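**Q** Using only what follows, build the 3D model:
(one chain, ligands or ions: 1)
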Amino acid sequence: MNGPSGERPNATSNAPSNPPTRTVHCADALAWLPANPLASGCSILTSLPDVVEFRHRDAERWRPWFVAAAERVVRSTPKDGCAVFYQTDVKRDGAWVDKSFLVQQAALSAGATLLWHKIVCRAPAGQATFARPGYAHLLGFAFDRRDAIEHATADVLPELGGMSWPRAMGRSALEFVVPWLRDHAGCTTIVDPFCGKGTALAAANHFGLHAVGVELNPGRAAAARELAW
Ligand SMILES: C[S@@+](CC[C@H](N)C(=O)[O-])C[C@H]1O[C@@H](n2cnc3c(N)ncnc32)[C@H](O)[C@@H]1O
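**A** Alright, predicted model coming up:
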């Protein structure tokens with residue numbers, strides 16, 4: 001299967017020569033990340049929880065938590081790696097919650113550079129949607145990888161693709177971003193500190209990369225150890 005970037009899975013010398021591994025830790029990512037510094041070759045690919053998955057379920061407390069968590073993710077990224085966020089906005093209590101804005105605030109505080117900001121269409125262009133917008137954000141940041149964007153890629157990904165569960169990253173987005181991290185950002189291991197049921201981890205392994213996940217919910221952590229692409 002070819003992804004939207006037209007690249008074949010496992011088609012690069014950056015992929016580890018040994019079979020890709022997967023490790024999932026059931027832990028709080030905000031404690032795990034500072035205790036486990038990431039090595040060269042790691043990039044982070046994650047999707048931070050919405051307020052409905054946040055333990056306090058309170059929007060006023062969620063917003064600063066979300067920005068602090070995003071900043072922790074960016075600061076945990078190795079100097080030769082990237083941090084990629086897949087986030088879907090919500091329309092809540094008559095207001096639009098723009099998670100791209102919140103992630104960019106965090107990256108600015110951490111001193112990282114935005115490499116690209118892609119739009120992943122969740123609904124066809126021109127179609128109205130209700131609680132969630134018709135697109136998701138895919139944002140790539142790095143400290144020292146401006147070389148990675150010498151190779152131009154599409155800014156609008158026309159479809160989400162399948163989702164393994166309602167909060168999963170879209171398959172088409174992963175078919176773009178995982179080969180991109182492997183081929184243009186020197187990535188050999190993808191780390192998802194909020195891995196849910198493991199969609200990004202399964203994609204990493206499928207494209208020949210090692211995968212490390214962290215997930216607070218034990219049932220989801222167990223699912224993330226098993227999920228197949
Ligand atoms: C948006 S979902 C991730 C979905 C995932 N990308 C997938 O495709 O399956 C966010 C996940 O973060 C988890 N989570 C929330 N707080 C966490 C924390 N402090 N540490 C680790 N995981 C956390 C939630 O249980 C939820 O599964």
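**Q** The residue in the chain positioned nearest to the ligand: neighbour count?
**A** Proximity to the ligand, evaluated over the chain using Cβ to the nearest ligand atom, is greatest for Gly196 at 2.6 Å. Placement of C-beta: from N, CA and C, glycine included. By other Cβ atoms under 10 Å, the residues close to Gly196 number 26.
**Q** is it true that it touches Ala222?
**A** No. Using Cβ atoms under 8 Å, Gly196 makes no contact with Ala222, being 11.8 Å away.
**Q** which neighbours does the lowest-mean-pLDDT helix or strand in the chain have in its sheet, and in what orientation?
**A** Lowest on mean pLDDT, DSSP states H and E among the helices and strands of the chain sits strand 90-92, with a mean of 89. Strand pairing for strand 90-92, using DSSP bridges, gives strand 95-97 (antiparallel).
**Q** now what about the host helix or strand of Glu60, what contacts it?
**A** Remark: Glu60 resides in helix 59-75, with elements defined by DSSP states H and E. Among residues not part of helix 59-75, those counted as contacts by Cβ atoms under 8 Å, 6 or more residues apart in numbering are 29-30, 33-34, 44, 46, 48, 50-51, 54, 56, 83, 85, 92-93, 97, 99, 102-103, 105-107, 109-110, 112, 141, 193-194.
**Q** which parts of that helix are buried?
**A** Along helix 59-75, the positions that meet the burial threshold by neighbour count (16 or more other Cβ atoms under 10 Å) are 59, 62, 65-67, 69-75.
**Q** Helix or strand next in line after that helix, which one?
**A** Immediately after helix 59-75, counting by DSSP H and E, sits strand 82-87.
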